[in-house]
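Asker: One predicted model, sequence on top.
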Amino acid sequence: RKEVEQDPGPFNVPEGATVAFNCTYSNSASQSFFWYRQDCRKEPKLLMSVYSSGNEDGRFTAQLNRASQYISLLIRDSKLSDSATYLCVVGSNDYKLSFGAGTTVTVRA
Amino acid sequence: DAMVIQNPRYQVTQFGKPVTLSCSQTLNHNVMYWYQQKSSQAPKLLFHYYDKDFNNEADTPDNFQSRRPNTSFCFLDIRSPGLGDAAMYLCATSPGPSTDTSTDTQYFGPGTRLTVL
C-alpha cells in the first residue's frame, strides 16, 4: 500500500467553478501535512501547510481528518492559472516527506 | 533571494557514462535531499543528508551516490546511467527537525532533467 494515495484525476472544471479532492495517508503517526503544486516539467512548490483545525489561504481551503487519515483541498472560483498537479504531502517525525503522485486539475475558459 | 539552485537544468549523457548533478542552497538549511521523479509519478526519495550524516533509502540502487562537501553544496553522482535512470532529479532542503512541524517544509530547486541516450 502506498503511503499517500491520491485520485490522479484529471479534474476538468470551468473557470469560476469550485473543485475539491482528497488524499489518504497510511501512517497514523504522521505529524505534518502539506499541499504542494507542481506545474508541468517544473519543481513542486509549497501551496499551503495543513493544520488540524483546517485553514484557508485566499481561494484555497485545506482540511485534515486525522481519524480517517485524509486531507482535502478545495479551490474556489477557479482561475486558468490554477491548472496544475497538486501533490499531497505527509511528514512524520524523521524530517522526511511522503508524496502522493498528484491530482491533475485543468481549468478551462 | 535565498534559494535552491540546481545545475545543469538539462543533462544529456550516454548509456554508462558517469554524470554528476549539483545542488547549492543559500537557505543555510541542515537537511538536503535528492529525489528522482518520473512522469506522472510522485517524487521518490533517493537519499538525504542531515548535516554531514548521509542517509540512504533502502531501495536506492548502488549506482546512485552522493556527496555533501559543505552545508551549501550537495552532489548526485550516477556512476553508470541506464535508460531507466532518465528522469527529473530534484534537490530539496529543509531546516531540520524541531518541535515546530512547519520546519518539515521542503524547498525544491528547479530540477535537472536527465536524458540517457
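Answerer: Okay, I see it. All of these numbers come straight from a predicted model, not from anything done at the bench.

Asker: Give me the nearest residue to the residue nearest to the spatial centre of chain B, chain neighbours excluded.
Answerer: Residue closest to the average C-alpha location in chain B (CA atoms, centre = their mean): B:Trp34, at 2.3 Å. Leaving aside its sequence neighbours, B:Trp34 sits nearest to B:Leu46 (CB to CB, 6 or more residues apart in numbering or on different chains; 4.6 Å). C-beta: built from backbone N, CA, C; applies to glycine.

Asker: Which neighbours in the sheet does the host helix or strand of that neighbour have, and how are they oriented?
Answerer: Counting by DSSP states H and E, the element that carries B:Leu46 is strand B:44-50. Strand B:44-50 has the following strand partners under DSSP bridges: strand B:31-37 (antiparallel), strand B:53-56 (antiparallel).

Asker: which other residues reach that strand?
Answerer: A:95-97, B:30-38, B:54-57, B:60, B:64, B:66, B:68, B:74, B:76, B:96 (CB atoms under 8 Å, 6 or more residues apart in numbering or on different chains).

Asker: go again using 7 Å as the cut-off
Answerer: Contacts to strand B:44-50, defined as CB atoms under 7 Å, 6 or more residues apart in numbering or on different chains, come from residues A:96, B:30-37, B:54-57, B:60, B:64, B:66, B:68, B:74, B:96.

Asker: Which pLDDT does the model give the residue nearest to B:Trp34?
Answerer: Note for B:Leu46: predicted pLDDT of 97.

Asker: Likewise for A:Lys2?
Answerer: Looking at A:Lys2, the pLDDT reads 80.

Asker: Same check on the one 4 residues further on?
Answerer: At A:Gln6 the predicted local confidence, pLDDT, stands at 95.

Asker: Next, count neighbours for the closest residue to it other than its chain neighbours.
Answerer: Distances taken as CB to CB, 6+ apart place A:Gly100 nearest to A:Gln6, at 3.9 Å, with adjacent residues excluded. Other residues near A:Gly100 come to 26 when the count uses other CB atoms under 10 Å in any protein chain shown.

Asker: Distance from stretch A:96-109 to the middle of the chain?
Answerer: Here stretch A:96-109 is found 6 Å from its chain centre; the criterion is CA atoms, centre = their mean, to the nearest Å.

Asker: From one end of that stretch to the other, what's the distance?
Answerer: One end of stretch A:96-109 sits 38 Å from the other (CA to CA, to the nearest Å).

Asker: which residue ranges form the strands in the chain?
Answerer: Went with chain A since none was named. In chain A, the strands defined using DSSP state E lie at A:4-6, A:11-14, A:19-25, A:32-38, A:44-49, A:55-57, A:60-65, A:70-75, A:84-91, A:97-99, A:103-108.

Asker: Let me rephrase: I mean chain B.
Answerer: B:4-7, B:10-13, B:19-25, B:31-37, B:44-50, B:53-56, B:64-67, B:73-78, B:87-94, B:107-108, B:112-116.

Asker: which one of those lies closest to A:Cys40?
Answerer: When the strands of chain B are compared by CB to CB, strand B:87-94 sits nearest A:Cys40, at 11.1 Å.

Asker: Flag the shaky bits of chain B, pLDDT-wise.
Answerer: B:1-2, B:97-103 (pLDDT under 70).

Asker: With that, I have no additional questions.
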